[in-house]
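> A predicted structure for the sequence below; I have some questions about it.
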Amino acid sequence: MITGVIFFIVLSILVLVHEWGHFLVARILGIKVEEFAFGLPFTQPVLKLKRGETQYALYPLMFGGFVRLEGEEGPSNALASEGKTSFWERGRKQRMIVIAAGVMMNVVLAIFGFMLLYSIVGVPVRRVERATVVEVQKGTPAMTAGLLKDDRIVAVEGRGVTANEFPLLMKSWAGIEVRMLVERGTGTYLFEGIVPGPVQQVVVQLVPRQNPPEGQGPVGVLIANYPYLETVQCSILKVQCTGKIVAAGVESTAVWVGRVFEGLRGIGKSLVAGKAPEGVSGPVGIYRLVDVVSQGGVLPLIELTAVLSVNLAVFNLLPVPALDGGRILFIWLEWARKKRFEPEFEKKVNSWGMAFLLALLAAITLQDVIREGVGK
């Protein structure tokens with residue numbers, strides 16, 4: 001239940017911010033907004049409210065949203081055209097700005113999300129790998145000595161150690177007491193790495209076994225290299241820190257834009273090769289991701305919202321009819337041919353694009369369901 005509420009809130013933020021971009025720029029340019037809606041208009045709205053010239057509506061299929069502009073699908077009536085409030089009457093530049101505004105607002109949301117995150121956890125300086133205890137096995141020297149899950153092993157007898165080196169090092173010290181410097185404390189789990197919270201350093205002493213039971217090492221722990229982020233605390237309320245936080249937010253957004261494009265290239269290669277693309281998630285997959293991330297608290301959810309906002313921005317830029325990128329492509333083609341397309345033709349092509357997108361969404365959702373079923 002809680003995950004469902006969180007999922008709905010995250011989805012609402014992403015969609016409403018995107019559509020608000022179209023709405024805001026259209027209003028600034030004096031274009032009449034006939035409807036601002038959350039959900040897809042395949043049924044009657046469950047809720048509608050008229051304010052001024054705009055109807056605000058909520059539709060049952062809440063996997064999207066839209067802004068309906070006067071003259072968006074062709075010439076408006078004569079009265080509206082004379083008033084210059086029609087989208088159809090505007091030049092290519094203004095129409096392109098209105099269409100691109102949704103994508104830009106998702107980019108702004110991503111930057112703001114990362115900025116908010118870094119103002120709390122600190123601005124990332126670098127990422128380091130640390131040998132981290134994944135599991136402590138029962139009845140072993142590690143358990144007796146007091147090693148705990150998520151402990152970071154800083155040094156063994158004064159020497160830094162990686163997860164790969166640790167088993168060999170313990171084997172070489174078998175039968176001899178070893179002193180380990182360990183960092184202990186909670187952290188915030190982010191996509192980029194773990195941001196440590198308040199930590200304490202403790203010294204653990206143990207004697208590695210010379211002949212451990214089968215399936216156990218000399219110490220009796222599973223060790224892995226976990227990525228940790230070293231950060232510098234910097235409040236966005238301080239003028240001298242604002243620049244650092246803004247720069248970090250823009251940089252992280254740019255990094256994720258690159259990752260999304262790289263993922264799209266991978267999907268394209270898989271489709272060309274006749275393989276099912278991996279790493280693609282629909283509503284079910286995103287719901288599962290929200291469920292996992294929300295267990296880490298509010299901060300990972302802020303980061304997830306920023307990352308999903310980047311994904312939505314890039315996806316909407318694809319030159320597919322019915323998406324913002326497809327509509328922008330129509331304007332570029334209009335410029336190249338020096339002539340407007342017939343409204344009916346553009347409407348028909350966008351309908352085909354919408355049908356394709358819905359079929360794709362259904363296929364991805366089915367893949368998510370099968371994946372979740374297999375994983376249980």
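On my side now, so go ahead.

> Checking Arg127 next. Helix, strand or coil?
Classification of Arg127 by DSSP: H, G, I helix; E, B strand; the rest coil places it in strand.

> now swap in Glu73 and tell me
Following three-state DSSP, the label given to Glu73 is coil.

> what's the neighbour count on it?
Per other Cβ atoms under 10 Å, the neighbour tally for Glu73 reads 15. Bear in mind the C-beta positions are built from the backbone N, C-alpha and C, glycine included.

> how far away is it from Arg92?
To Arg92, Glu73 is 17 Å away according to Cβ to Cβ, to the nearest Å.

> Check Thr54 too.
From Thr54 to Arg92 the distance is 25 Å (Cβ to Cβ).

> Between the two, which has more neighbouring residues?
A direct count of neighbours by other Cβ under 10 Å for Thr54 and Arg92 places Thr54 higher, at 17 against 13.

> Which residue is the nearest non-sequential neighbour of that one?
Spatial nearest neighbour of Thr54, excluding adjacent residues (Cβ to Cβ, 6 or more residues apart in numbering): Val33 at 4.8 Å.

> Please apply the same query to Leu24.
On the basis of Cβ to Cβ, 6+ apart, the spatially nearest residue to Leu24 that is not a chain neighbour turns out to be Ala101, at 6.9 Å.

> Okay, the one you found and Glu177: tell me how far apart.
As judged by Cβ to Cβ, Ala101 and Glu177 stand 66 Å apart.

> Compare those two (neighbour count), which wins?
More neighbours sit around Ala101 than around the other of Ala101 and Glu177, counting by other Cβ under 10 Å; the figures are 23 against 10.

> what's the model's confidence in the one helix or strand that one maps to, averaged?
Under the criterion of DSSP states H and E, Ala101 resides in helix 92-121. Regarding helix 92-121, the rounded mean pLDDT is 94.

> next one: stretch 22-37
Here the average pLDDT along stretch 22-37 is 93.

> Convert it to PDB, retaining C-alpha atoms only.
Included here for stretch 22-37 are C-alpha records, laid out as PDB according to Å, rounded to 0.1, in the frame of the first residue of the first chain:
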ATOM      1  CA  HIS A  22       4.000  23.000 -21.900                       C
ATOM      2  CA  PHE A  23       1.300  24.700 -20.000                       C
ATOM      3  CA  LEU A  24       3.500  27.500 -18.600                       C
ATOM      4  CA  VAL A  25       5.200  28.400 -21.900                       C
ATOM      5  CA  ALA A  26       1.900  28.300 -23.800                       C
ATOM      6  CA  ARG A  27       0.400  30.700 -21.400                       C
ATOM      7  CA  ILE A  28       3.400  33.000 -21.500                       C
ATOM      8  CA  LEU A  29       3.200  33.100 -25.300                       C
ATOM      9  CA  GLY A  30      -0.600  33.800 -25.200                       C
ATOM     10  CA  ILE A  31      -1.700  30.400 -26.500                       C
ATOM     11  CA  LYS A  32      -5.000  29.200 -25.100                       C
ATOM     12  CA  VAL A  33      -4.800  26.000 -23.100                       C
ATOM     13  CA  GLU A  34      -8.100  24.100 -23.400                       C
ATOM     14  CA  GLU A  35      -7.200  21.200 -21.100                       C
ATOM     15  CA  PHE A  36      -4.500  20.300 -18.600                       C
ATOM     16  CA  ALA A  37      -4.900  16.600 -17.700                       C
END
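
> Give me the contacts around that stretch.
When contacts are defined by Cβ atoms under 8 Å, 6 or more residues apart in numbering, stretch 22-37 is touched by residues 19, 45, 53-59, 65-70, 80, 84-87, 90, 94, 97-99, 101-102, 105.
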